[in-house]
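K.L.:
what shape does this take:
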Amino acid sequence: MRGRVEGVMSTPLLTGKKLGVLLSTPPQHPNFIPAIALIRAALDAGVNVYFYCIDEAVHCVKTPEVQELRQRGVNLFGCAYGAHQHGVTVDDSAAFSGLTVVSDIIANTDRFISFN
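P.N.:
The predicted structure is shown next:
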C-alpha cells in the first residue's frame, strides 16, 4: 500500500513538517537503532529532519546508517567540540558546529526529540 511506513500510514499533514533529533550516545548504545528508525520513518512520511550528534554520538556521524540518512536528505550536524574531545576527524561527513545550532534546531522545528 502506498504511503505505508512500518504499520503507520503516512499522511500529507506530515509532509514539510520539521523534526529535530538529538543523539548523545555512541553507535553501540541501545538508543542508536530507535533514533535511526524514527528518522527513517519521518523521511518516509515527508518530514524534514535535522539530526544533531553531540558528545559520544559524534562517533555515529560516519556510520553507514547515518550516512545513508544524509544521502536521503537529512540535515546532519556533528558537535565540533565533541568531535575534538572524542578524536573524531572534522570533515564533510556532517556540518560540524556548536551548540547554537542545537538551539536553532529546537527553536525552528515542529517537534524535537532527544535520545540520551
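
K.L.:
now do the same for the residue nearest to the spatial centre of the chain: helix, strand or coil?
P.N.:
Nearest residue to the geometric centre of the chain (C-alpha atoms, centre = their mean): Phe51, 2.5 Å. Under the three-state scheme (DSSP: H, G, I helix; E, B strand; the rest coil), Phe51 adopts strand.

K.L.:
quick check: beta-bridge partners of it?
P.N.:
Counting by DSSP bridges, Phe51 forms beta bridges with Val21, Leu76.

K.L.:
contacting residues for it?
P.N.:
By C-beta atoms under 8 Å, 6 or more residues apart in numbering, Phe51 lies in contact with Gly20, Val21, Leu23, Ile39, Val66, Leu69, Val74, Asn75, Leu76, Phe77. Placement of C-beta: from N, CA and C, glycine included.

K.L.:
tell me how many other residues surround Gln85.
P.N.:
Neighbour count of Gln85, defined by other C-beta atoms under 10 Å: 12.

K.L.:
which element is it on?
P.N.:
For Gln85, the host element (DSSP states H and E) is helix 80-86.

K.L.:
moving C-terminal from that helix, which element do we reach first?
P.N.:
strand 95-97.

K.L.:
name every strand pairing with that following strand and say which way it goes.
P.N.:
Sheet pairing of strand 95-97 (DSSP bridges) gives strand 75-79 (parallel).

K.L.:
contacts for the strand it pairs with?
P.N.:
If you take C-beta under 8 Å, 6+ apart as the criterion, strand 75-79 is touched by 48-55, 57-58, 61, 66, 69-70, 88, 90, 93-99, 101-102, 105.

K.L.:
I'm done for today, thanks for sticking with me.
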